[in-house]
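In: Below is the sequence, then the predicted model.
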Amino acid sequence: MPAISGDEYKERVDGINAEVWLDGERVTGRISSHPAFKGVIQTQGELYDLQLNPGHKKELTFMSDTTGNEIGISYLIPKTKEDLEKRRKMIQCWARHSGGLLGRSPDYMNTVFASFAASADLLRGEANCYPDRLLSIYEEAREQDLTFTHTFVNPQTNRGKLAFLDEDVTNARIVSRTKTGLIIKGAKLLATQGGMTDQIIVFSAPGVQESAHTYGFSIPSNTKGLKYICRESFSNDHSSYNSPLSSKFDEMDTVVIFDDVLVPWERVFLHDNIRAADNFYKKGKFIPFTLHQIISRQIIKLEFLLGIAHQIVETINIGEYQHIQAKVVEIIKGLESLKALLHYSECQAETDKSGTIVPSVQPLYVAINQTQELYPRLIEIIQLIGASGLMTIPHEKTFDSSVGEELNHYLRAGDWKGKDRVALFRLAWDLTMSSFGSRQTLYERFFFGDPIRISQTIYQMYDEKPSISFVSRFLKES
Ligand SMILES: Cc1cc2nc3c(=O)[nH]c(=O)nc-3n(C[C@H](O)[C@H](O)[C@H](O)COP(=O)(O)OP(=O)(O)OC[C@H]3O[C@@H](n4cnc5c(N)ncnc54)[C@H](O)[C@@H]3O)c2cc1C
């Protein structure tokens, strides 16, 4: 099956009918028509349509070597630097459609899957590991253009160092190994887009202390006993004037509960092997490939932020003030640094013994950690330059009422009439201050993990020897 269309995607997610709970009720009927999901499902449908659009097809698809079908490039396991570049361009083309605001657009998980498949050899010969099953799950996904959510992290019950001494009452764990498969009980912290994808990938993040907590599998989202519990929706207002971003891009976040879920053996690629799971995560291609996808998207998001900042500056005519220029330059520096780090990681990419080209991970780790710290500051900058404009934002209806003309006059700026100026400031508000905007900030703070521990990883993996010997030589010579 070639890359799917938006309608095919919607039909599929509507047919899944996963057990999704929102505001105390089970979501019933077509999920693509439900007020909390319809905006984001429509947007993702548009992404799929782009794959089939003659103007974009070449940029977004490649020919499968097994079926000859045109399939999405995010599933491509890169073999050359040109492949890496193709991946970047594909990711950025999709990201442009949402201003980079869809962290879990389907290319994210497709990339994760490609990275898993490209790392399958690490599982070969390991106890309770099934690399061939992993490869066939990947082939199935790639050829059917399936969508995925994922959940890796355990609930926040106790994050203390001695938490493993507690009786385990929350974490999703293997409670039984039967003839037909694993039985999983417990919860996982979060799955963004839970309940609105074909399947869910469940994997144990590193640091697991018990073998019953190590597993890797992918199952249909509607598997019996699997429940997705939503936060409140941030897309209640479907007006693209009032809520230009949240009406289209609110990816739902869900707690995932496994109520004695049977995971058939053919869907399991790893279980009960802490060392293999750790190795697979840390030494496989998950980290470099996924970070390459994330940074490619974040560049587009920063371009979007920069555009909003510039537009505000021009509209209310504050560009002559030195501190305003300096604030815009902070965004520019962040953006240009990200681009440089991404390109450096591609320049330094190396081909491994399986023939896969792997972008250099060091600059990508620096890039993600930098964005985790920088993003909240950039949001603050939009607030500082937008000031009260971010609160003088009447709804569209008010402009259509009898006071509309007065508002058009009193809220004007330059040659922008009030309604147009407010549209710009509503965009800035939705990015920086609405519930949707606040979630975006939290999202980027914790994207790919806790910033504190990512910084620690950079410290631990960075080769200190060259700098130490440089200084030692210097000391000896002086
Ligand atoms: C909007 C959003 C969407 C998400 N979507 C997904 C998803 O789709 N799938 C998924 O698997 N995950 C998802 N996540 C989870 C994300 O991966 C985690 O938020 C991230 O890994 C941090 O873990 P945590 O939230 O459990 O924080 P915690 O680990 O609970 O940390 C809380 C605080 O305690 C500190 N802390 C805790 N432990 C330590 C330690 N050992 N050393 C030092 N400090 C420590 C942290 O620095 C932090 O300040 C999402 C998160 C957000 C915010």
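Out: Sure, I can see it. Numbering: from 1, shown residues only.

In: Which positions in this structure make contact with the ligand?
Out: Contact residues (Cβ under 6 Å from any ligand atom) of the chain with the ligand: 150-153, 156, 159, 189-192, 253, 439, 442-443, 446, 449-450, 452-453. Every residue, glycine included, has its C-beta placed from N, CA and C.

In: Filter these down to the ones in strands?
Out: Counting by DSSP state E, the residues of the chain next to the ligand place 150-151, 189-192, 253 in strands.

In: Domain map for this protein?
Out: Here the domain parsing of the chain from automatic domain parsing is 6-280, 285-477.

In: can you redo these as TSV with mean pLDDT and mean neighbour count?
Out: Supplementary listing: the domains of the chain in TSV, determined by pLDDT from 0 to 100; neighbours: other Cβ atoms under 10 Å:
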stretch	mean pLDDT	mean neighbour count
domain 6-280	95	19
domain 285-477	97	17
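
In: and Phe62, how far is that from Tyr75?
Out: 8 Å (Cβ to Cβ, to the nearest Å).

In: Kindly report the same for Gln440.
Out: Taking Cβ to Cβ as the measure, Gln440 falls 27 Å from Tyr75.

In: Then Leu22?
Out: 31 Å.

In: State the three-state secondary structure for the residue most central in space within the chain.
Out: With distances taken as Cα atoms, centre = their mean, Gly103 lies nearest the centre of the chain, 3.0 Å away. Counting by DSSP: H, G, I helix; E, B strand; the rest coil, the backbone at Gly103 sits in coil.

In: Next, it: phi, psi?
Out: phi -70, psi -30 (degrees, to the nearest 10).

In: Likewise for Met63?
Out: phi -90, psi 130.

In: Would you agree it is in contact with Gly72?
Out: No. Using Cβ atoms under 8 Å, Met63 makes no contact with Gly72, being 11.7 Å away.

In: tell me what whichever strand or helix holds Pro466 is packed against?
Out: Using DSSP states H and E, Pro466 sits in helix 465-477. Helices and strands touching helix 465-477, by 3 or more Cβ pairs under 8 Å, 6 or more residues apart in numbering; DSSP states H and E: there are none.

In: How far away from the center of its chain is that helix?
Out: Its chain's C-alpha centre and that of helix 465-477 lie 41 Å apart, by Cα atoms, centre = their mean, to the nearest Å.

In: Just the residues contacting it, thanks.
Out: Residues outside helix 465-477 that contact it (Cβ atoms under 8 Å, 6 or more residues apart in numbering): none.

In: likewise stretch 124-142?
Out: Contacts for stretch 124-142 (Cβ under 8 Å, 6+ apart): 64, 66, 71-72, 75, 110, 113-114, 116-117, 120-123, 146, 148, 199, 216, 218, 265-273, 275-276.

In: again with stretch 314-323
Out: Contacts of stretch 314-323 (Cβ under 8 Å, 6+ apart): 312-313, 324-325, 385, 389, 413-414, 416, 421, 424.

In: Let's see which of these end up in strands.
Out: Per DSSP E, the subset of the contacts of stretch 314-323 in strands is empty.

In: of all the residues you listed, which comes closest to Met1?
Out: Leu424 (42.1 Å; Cβ to Cβ).

In: pretty sure the closest one contacts Ala309?
Out: No. Counting by Cβ under 8 Å, Ala309 is not a contact partner of Leu424; they are 11.1 Å apart.

In: in the stretch 201-350 of the chain, which spans are helices?
Out: Assigned by DSSP state H, counting those that start in this stretch, the stretch 201-350 of the chain shows helices spanning 246-249, 274-283, 286-316, 322-347.

In: which helices and strands does the first one pack with?
Out: In terms of contacts (3+ Cβ pairs under 8 Å, 6+ apart), helix 246-249 is packed against helix 38-52, helix 435-446.

In: now those in TSV, with distance to Ala428?
Out: As requested, the helices and strands packed on helix 246-249 are exported to TSV (distance: least, Cβ to Cβ, whole Å):
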stretch	distance to Ala428
helix 38-52	19
helix 435-446	9
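
In: wait, which of the ones you listed is closest to Glu8?
Out: Comparing the helices and strands packed on helix 246-249 by Cβ to Cβ, helix 38-52 comes nearest, at 7.2 Å.

In: so after the closest one, what's the next helix or strand?
Out: helix 57-60.

In: related to what we said a few turns ago, export the ones in strands among the residues of the chain next to the ligand to a markdown table and tack on distance to Ser296?
Out: Below are those laid out as a markdown table (distance: Cβ to Cβ, whole Å):
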| residue | distance to Ser296 |
| --- | --- |
| His150 | 18 |
| Thr151 | 23 |
| Leu189 | 26 |
| Leu190 | 23 |
| Ala191 | 22 |
| Thr192 | 18 |
| Asp253 | 22 |
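
In: Of all pairs in those residues, which one spans the longest distance?
Out: Largest pairwise distance in these, by Cβ to Cβ, is 12.3 Å, between His150 and Asp253.

In: ok, the closest residue to Tyr443 other than its chain neighbours - contacts?
Out: Leaving out its chain neighbours, the residue that sits closest to Tyr443 by Cβ to Cβ, 6 or more residues apart in numbering is Gly103, at 5.7 Å. By Cβ under 8 Å, 6+ apart, the contact set of Gly103 is 192, 251, 294, 297, 443, 447.

In: residues touching the fourth one, list them.
Out: Taking Cβ under 8 Å, 6+ apart as the definition of contact, the neighbours of Arg297 are 91-92, 95, 100, 103, 105, 108.

In: Looking at those residues, spot the one nearest Val358.
Out: Ile91 (16.4 Å).

In: Thr61 versus that closest one, what's the distance?
Out: Distance from Ile91 to Thr61, by Cβ to Cβ: 13 Å.

In: Gln456 should be in a helix, yeah?
Out: Yes. Gln456 forms part of a helix when assessed by three-state DSSP.

In: wait, doesn't Leu60 sit right on Gln51?
Out: Yes. Using Cβ under 8 Å as the test, Leu60 is close enough to Gln51 to be in contact (4.7 Å).

In: where do the contact lists of these two overlap?
Out: Shared contacts of Leu60 and Gln51, counting by Cβ under 8 Å, 6+ apart, come down to 3, 72.

In: The nearest residue to Arg30 once chain neighbours are set aside: what's it in contact with?
Out: Spatial nearest neighbour of Arg30, excluding adjacent residues (Cβ to Cβ, 6+ apart): Asp14 at 4.4 Å. With contact set as Cβ under 8 Å, 6+ apart, Asp14 has these partners: 30-32.

In: what do you get for Cys93?
Out: Neighbour list for Cys93: 50, 56, 59-60 [criterion: Cβ under 8 Å, 6+ apart].

In: ok, which pair from the residues you listed is furthest apart?
Out: Maximum distance among the contacts of Cys93 (Cβ to Cβ): 8.9 Å, for Leu50 and Glu59.

In: where's Ile385 relative to Arg445, distance?
Out: Distance from Ile385 to Arg445, by Cβ to Cβ: 21 Å.

In: and what of Asn317?
Out: Asn317 is 33 Å from Arg445, by Cβ to Cβ.

In: do Gln322 as well
Out: Taking Cβ to Cβ, one finds Gln322 at 29 Å from Arg445.

In: what does His292 give?
Out: Here the criterion is Cβ to Cβ. By it, His292 lies 20 Å from Arg445.

In: and of the helices of the stretch 201-350 of the chain, who's closest to Glu405?
Out: Glu405 lies closest to helix 286-316 among the helices of the stretch 201-350 of the chain, at 19.9 Å (Cβ to Cβ).
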